[in-house]
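Q: Coordinates for the following, if possible.
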Amino acid sequence: MASDRFDNFILTIRKGIDRLGFDRVLLFVLGAAVLGLLALGMGKSLYGGDENDARVTFFQIGTGSTGGTYFPMGEALAAVISRPPGSDPCIPGDRCGVPGLVAISKGSAGSVANARAVADGRLDSALVQANVLEDAFYGRGAFEGEPPRENLRVIANLYVEAIHLVTARGLNINGVEDLRGLRVSIGSEGSGTRADAITILKAFGVSLTDIEPVSADASRSAEMILSGNLDAYFLVAGAPARSIEDLAVRGAIDIVPIEGEPADRLRIDRTFYSNFIIPKNTYRFVEDVKTIGIGALWITRSTTDTNLVNAITRALFDDRNRETLVTANANGRHVNPNAAVQGVPILLHPGAELFYFEKGILER
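A: Presented below is the predicted three-dimensional model:
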């Protein structure tokens, strides 16, 4: 089947990426592509066209740490937009990507690092929080003192993430203010979680000197909670997040609400923040939790080929690809074209914008 041949081709590439450093990824991928083309035969050119054109285009998607939701979502996006040369024609019930395209998902430190990498040309695209994207575009927040990255553009707003405040069970922490004097992971360097954690702490009158700040990603933070070396950690991720699920089934954590006047003021001052409720039983033993939501956006550069981005956007919202998105991550069910243009703090890429105009989602 087309999907089996596709999976084998992508698996070969990903095994190489696991072995090689980032600087050697493209070299390996090109070699794997040659082998793949010999095995698969000739196919359609990029975006359709001549059946005998076997050109291949590689497209990177920056994600996040393995304990968050960007990582599995990035892998799902790579799967649904890829269609290597030699793939069989698309059929009902099977995913259908962009002819000639091989997408590669790549783990990263998170949103801040992703925004820098895309703007600087080290990644073709990436997943980024809405607030981080706006800060990168205007050169503020985590990007203070850096040139504005005005070449960033949005493909789609994929889903809303929840800002989680996770604490070791039994510490009797009822709000952000109770974190004073505790060991708190604010996320790794370069992550969107770190930017949000600092913003939230400040909004509630808690400075970094009031806590024992720890720099760790989601997976490491979860390990430290279990070993008793950490009291609390922030994580911005779609709910459910894998690292938190693993802790919840052990009955090891509580999730603390982020609510009240400081949270309301944040939502007024920065309109991409929204009310969000993590529903009961999203995590085992955890009731409804009121918190703050933030959009997870797929971004690229303004110079990325318009036809390519248009084809990628079409593949993203192709009904044949929906099952792959939903199966990979629960947040995949929220990916839909009508919501994709909401809460976007900067310009859409022209290729994506054309798709939304054609579908009547945007009006000229």
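Q: make it CA atoms for all contacts and neighbour counts henceforth
A: Fine.
Q: Now do the domain split for this protein, please.
A: 2-159+299-358, 161-295 (automatic domain parsing).
Q: Comparing those by mean pLDDT, which bottoms out?
A: Of all those, domain 2-159+299-358 carries the lowest average pLDDT, namely a mean of 82.
Q: tell me the contacts of residue 188?
A: Residue 188 makes contact with 109, 194, 215-217, according to Cα atoms under 8 Å, 6 or more residues apart in numbering.
Q: where do the helices sit along this protein?
A: Using DSSP state H, the helices of the chain run over 2-19, 25-40, 70-81, 111-119, 130-138, 192-203, 218-227, 242-248, 261-269, 306-316, 322-328, 350-358.
Q: nearest to residue 166, of these?
A: Of all the helices of the chain, helix 242-248 sits nearest to residue 166, with 7.9 Å by Cα to Cα.
Q: picking that back up, between the domains of the chain, which gets nearest to residue 364?
A: Among these, the nearest to residue 364 by Cα to Cα is domain 2-159+299-358 (7.0 Å).
Q: max-length strand in this protein?
A: Assignment by DSSP state E gives strand 152-168 as the longest strand of the chain.
Q: what angle separates that strand from helix 130-138?
A: 140 degrees (axes from the mean of the first three to the mean of the last three Cα atoms, to 10 degrees).
Q: Show the contacting residues for the residue nearest to residue 186 when sequence neighbours are not counted.
A: Nearest residue to residue 186, sequence neighbours excluded (Cα to Cα, 6 or more residues apart in numbering): residue 194, at 5.1 Å. Going by Cα under 8 Å, 6+ apart, residue 194 touches 186-188, 234.
Q: So which of the residues you listed are in strands?
A: Of the positions in the contacts of residue 194, residue 234 sit in strands, assigned by DSSP E.
Q: Including distance to residue 285, could the helices of the chain go into a markdown table?
A: Formatted as a markdown table, those follow (distance: least, Cα to Cα, whole Å):
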| stretch | distance to residue 285 |
| --- | --- |
| helix 2-19 | 36 |
| helix 25-40 | 42 |
| helix 70-81 | 24 |
| helix 111-119 | 30 |
| helix 130-138 | 30 |
| helix 192-203 | 24 |
| helix 218-227 | 17 |
| helix 242-248 | 7 |
| helix 261-269 | 25 |
| helix 306-316 | 34 |
| helix 322-328 | 24 |
| helix 350-358 | 41 |
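Q: Figure out which of those helices is closest to residue 280.
A: Using Cα to Cα and comparing the helices of the chain, the one that lies nearest residue 280 is helix 242-248, at 12.2 Å.
Q: what comes up buried for that closest one?
A: For helix 242-248, burial by neighbour count (16 or more other Cα atoms under 10 Å) applies to 242-248.
Q: re the thing from before, so which of the helices of the chain is nearest residue 94?
A: With Cα to Cα as the criterion, residue 94 lies closest to helix 2-19 of the helices of the chain, at 7.2 Å.
Q: is the closest residue to residue 300 other than its chain neighbours in a bridge, and if so with what?
A: Once flanking residues are discounted, residue 300 sits nearest to residue 125: 4.4 Å by Cα to Cα, 6+ apart. For residue 125, the beta-bridge partners are residue 61, residue 300 (DSSP bridges).
Q: ok, residue 125 touching residue 301?
A: Yes: the pair residue 125 / residue 301 is scored as a contact, 7.4 Å apart, by Cα atoms under 8 Å.
Q: Give me the more crowded residue out of the two.
A: residue 125 (27 against 23; other Cα atoms under 10 Å).
Q: That one: what's it in contact with?
A: Counting by Cα under 8 Å, 6+ apart, residue 125 touches 59-62, 118, 298-301.
Q: Looking at neighbours, which among the residues you listed is most surrounded?
A: When neighbours are counted by other Cα under 10 Å, residue 62 leads the contacts of residue 125 with 30 neighbours.
Q: which residues touch that residue?
A: Each residue near residue 62 by Cα under 8 Å, 6+ apart is listed here: 74, 105-108, 114, 123, 125-127.
Q: so how far is the first residue of stretch 201-219 from its last?
A: End-to-end span of stretch 201-219 (Cα to Cα, to the nearest Å): 22 Å.
Q: surely residue 222 meets residue 248?
A: No: under the criterion of Cα under 8 Å, residue 222 is not in contact with residue 248, lying 10.4 Å apart.
Q: overlap in contacts of residue 125 and residue 301?
A: With contacts taken as Cα under 8 Å, 6+ apart, residue 125 and residue 301 have residue 118 as neighbours in common.
Q: re the thing from before, the domains of the chain into JSON lines, with extra columns for distance to residue 364?
A: Below are the domains of the chain laid out as JSON lines (distance: least, Cα to Cα, whole Å):
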{"stretch": "domain 2-159+299-358", "distance to residue 364": "7"}
{"stretch": "domain 161-295", "distance to residue 364": "24"}
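Q: how many other residues sit next to residue 320?
A: Residue 320 has 18 neighbouring residues, counting by other Cα under 10 Å.
Q: Apart from its neighbours in sequence, what residue is nearest it?
A: The shortest distance from residue 320 to any non-neighbouring residue, by Cα to Cα, 6+ apart, is to residue 95 (5.1 Å).
Q: Over to residue 97?
A: Nearest non-adjacent residue to residue 97, counting by Cα to Cα, 6+ apart: residue 81, 4.0 Å away.
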